[in-house]
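Enquirer: Quick one, structure for this:
(one chain, ligands or ions: 3)
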Amino acid sequence: MWRRVVSLSSFISSSRTSFVAQTASRLNTCESLTTGIAQQAKGVIAPKEKTPFITFVLGGPGSGKGTQCIKIVETFGFTHLSAGDLLRREIASNSADGAMILNTIKEGKIVPSQVTVKLIQKDMESSDNDKFLIDGFPRTEENRVSFDQIISVEPNVVLFFDCPEEEMVKRVLNRNQGRVDDNLETIKKRLQVFEALSLPVINYYSQRGKLYTIKAIGTEDEIFEQVRPIFTAFELHAAG
Ligand SMILES: Nc1ncnc2c1ncn2[C@@H]1O[C@H](COP(=O)(O)OP(=O)(O)OP(=O)(O)O)[C@@H](O)[C@H]1O
Ligand SMILES: O=c1ccn([C@@H]2O[C@H](COP(=O)(O)O)[C@@H](O)[C@H]2O)c(=O)[nH]1
Ligand SMILES: [Mg+2]
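Expert: Numbers count the residues shown, from 1 in each chain. Ligands and ions are numbered 1, 2, ... in the order given. Alright, predicted model coming up:
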């Protein structure tokens, strides 16, 4: 569990620890219950959270992000958080933001960052895992900055599924999942938004050496064989 107390021997020095206060109220390991609480009550020690391993999964509409995320989950044990799915869940639950989100998705536009980041944050906090695939986010520079400010964790890996436009259009039109944005008119808008707003995010991570570009053509298995070594390398690194 990534917000679990992993060490009780050091003080929290960073002011960017939005999860720490919540962690303190949700201590759930035996060791922290026996010794930690007593020491914290005396004001001696603050809990230190384990930093999660975060992968952002980016690419145009229909580039195969969700499909590959399923394979990454199966092989490497990540928790998959699709920003689009979280937003669709809000629509389905008739939440206060539901109507606004539905209209935004129909238009192929981007939902305000704070709405999306809060949904991601909620699912991360309620997860027992410490490895997350955040699929279809950040889509804009504003999304990226908002995540940085609210979650205060940098991604370890950014995957970019690079797919030719005509292939993406073909896949989306064949998807057949009843999505309100799977029609030619909305796809054209989504492609424009991707180019104008999402490519700058991809360039940002490229400049920081965090970007792994996957040629997203071929069979699903062929594409996964480009993805696999990226995470294998991280596993070996962690073990070695
Ligand atoms: N390598 C592939 N070859 C052919 N079809 C594929 C491939 N990968 C995925 N698909 C199919 O293309 C469609 C889009 O894939 P997927 O939903 O994974 O894309 P996505 O990037 O998550 O799209 P979106 O951003 O719209 O959610 C699905 O119907 C999927 O089954
Ligand atoms: O961070 C996000 C993610 C998604 N959206 C909106 O949802 C649709 C569908 O997203 P998929 O990732 O393709 O499922 C997208 O076109 C946006 O309208 C968003 O606003 N912010
Ligand atoms: Mg998807």
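Enquirer: Contact partners for His80?
Expert: Residues counted as contacts of His80 (C-beta atoms under 8 Å, 6 or more residues apart in numbering) are 69-70, 72-73, 133, 135. Quick note: C-beta positions are derived from backbone N, CA and C, even for glycine.
Enquirer: where in this structure is pLDDT low?
Expert: Confidence mapping of the chain against pLDDT under 70 gives the ranges 1-49, 236-240.
Enquirer: Within range of ligand 1, give me the residues from it.
Expert: 59, 61-67, 84, 136, 171-172, 175, 219-220, 223 (C-beta under 6 Å from any ligand atom).
Enquirer: Of the residues you listed - the most surrounded one?
Expert: Ser63 (27 neighbours; other C-beta atoms under 10 Å).
Enquirer: which SS class is it?
Expert: The local conformation at Ser63, judged by DSSP: H, G, I helix; E, B strand; the rest coil, is coil.
Enquirer: quick one: which two of the residues of the chain next to ligand 1 are the most distant?
Expert: Gly84 and Thr219 (23.5 Å; C-beta to C-beta).
Enquirer: which ones are touching the residue nearest the centre of the chain?
Expert: By C-alpha atoms, centre = their mean, the chain has its centre lying nearest to Ile134, at 1.7 Å. By C-beta under 8 Å, 6+ apart, the contact list for Ile134 reads 54-57, 81, 83, 120, 155.
Enquirer: Looking at the residues you listed, state which has the most neighbours.
Expert: Going by other C-beta under 10 Å, Val57 tops these with 29 neighbours.
Enquirer: quick one, what contacts it?
Expert: Counting by C-beta under 8 Å, 6+ apart, Val57 touches 65, 68-69, 133-136, 159, 161.
Enquirer: swap in Asp123?
Expert: Counted by C-beta under 8 Å, 6+ apart, Asp123 has contacts 79, 81, 86.
Enquirer: tell me which element it falls in.
Expert: Take DSSP states H and E as the rule and Asp123 turns out to sit in helix 113-125.
Enquirer: Identify each buried residue in that helix, please.
Expert: Under the neighbour-count criterion of 16 or more other C-beta atoms under 10 Å, helix 113-125 has 113, 115-117, 119-121, 123-124 buried.
Enquirer: Cheers, nothing more for now.
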